[in-house]
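Asker: Generate a structure from the sequence data that follows.
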Amino acid sequence: MTYDPRQPAYRLHTLVAALDAAADEMLRAAHGTSYARFLTLVTVQALGTPTQAELAAAQEVSAPAASRMVRTLSEAGLLTAARTPGTGNRSALTLTPAGERLVADGGALLEDAFGRLLEAGGVTVDQVRAVTDPLLQVLRPETA
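Answerer: Predicted structure coming up:
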């Protein structure tokens, strides 16, 4: 038996991969950063002042991968990692003003592009949410 690539799971994965690639291309062209770096900044902003371990858990990456990303973003002046007294070896992560601007400007860029894609496809935001929200509620209730 062969797998039919018209199945919903395959189609959805194909769409998400295409959206991720387009987001990466747009962010690199407009802001000189990758989508992965942008998502890390967005995650830090959403979590408030997370530790590196909390960031790794939220992004479902290893502690060493989170550490490398934090170092890269810190060196780029987008993120600070400051040790918090009394917490051992833990650092609190915060966005710098440049990181905040990148999240705001990059987010606006991506939302505008997604809006144009929806319009071109004849799909409304409500239709997207009608599909994504119930599935996210099942898979990740903490984000819904």
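Asker: for the chain, what are the low-confidence residue spans?
Answerer: Residue ranges of the chain with pLDDT under 70: 86-88, 144.
Asker: which is the next helix or strand following the helix or strand containing A113?
Answerer: According to DSSP states H and E, A113 maps onto helix 97-121. Downstream of helix 97-121, the first helix or strand assigned by DSSP H and E is helix 125-139.
Asker: Tell me which other helices or strands that following helix touches.
Answerer: helix 97-121 (3 or more Cβ pairs under 8 Å, 6 or more residues apart in numbering; DSSP states H and E). Placement of C-beta: from N, CA and C, glycine included.
Asker: need the contact list for G106.
Answerer: 27, 30-31, 33, 38 (Cβ atoms under 8 Å, 6 or more residues apart in numbering).
Asker: tell me, what residue is most central in this protein?
Answerer: Nearest to the geometric centre of the chain sits L39, at 2.7 Å (Cα atoms, centre = their mean).
Asker: Apart from its neighbours in sequence, what residue is nearest it?
Answerer: Q59 (7.3 Å; Cβ to Cβ, 6 or more residues apart in numbering).
Asker: Let me see the backbone angles for that neighbour.
Answerer: For Q59, the backbone dihedrals (degrees, to the nearest 10) come out as phi -90, psi 0.
Asker: Same question for S91.
Answerer: Dihedral pair for S91: phi -120, psi 140, per degrees, to the nearest 10.
Asker: Compute the number of surrounding residues for it.
Answerer: S91 is flanked by 19 other residues according to other Cβ atoms under 10 Å.
Asker: Test my guess that it contacts A53.
Answerer: No - taking Cβ atoms under 8 Å as the definition, S91 is not a contact partner of A53, at 9.7 Å.
Asker: helix or strand right after the host helix or strand of P64?
Answerer: Here P64, judged by DSSP H and E, is contained in helix 63-75. The first helix or strand that comes after helix 63-75 along the chain, using DSSP H and E, is strand 79-83.
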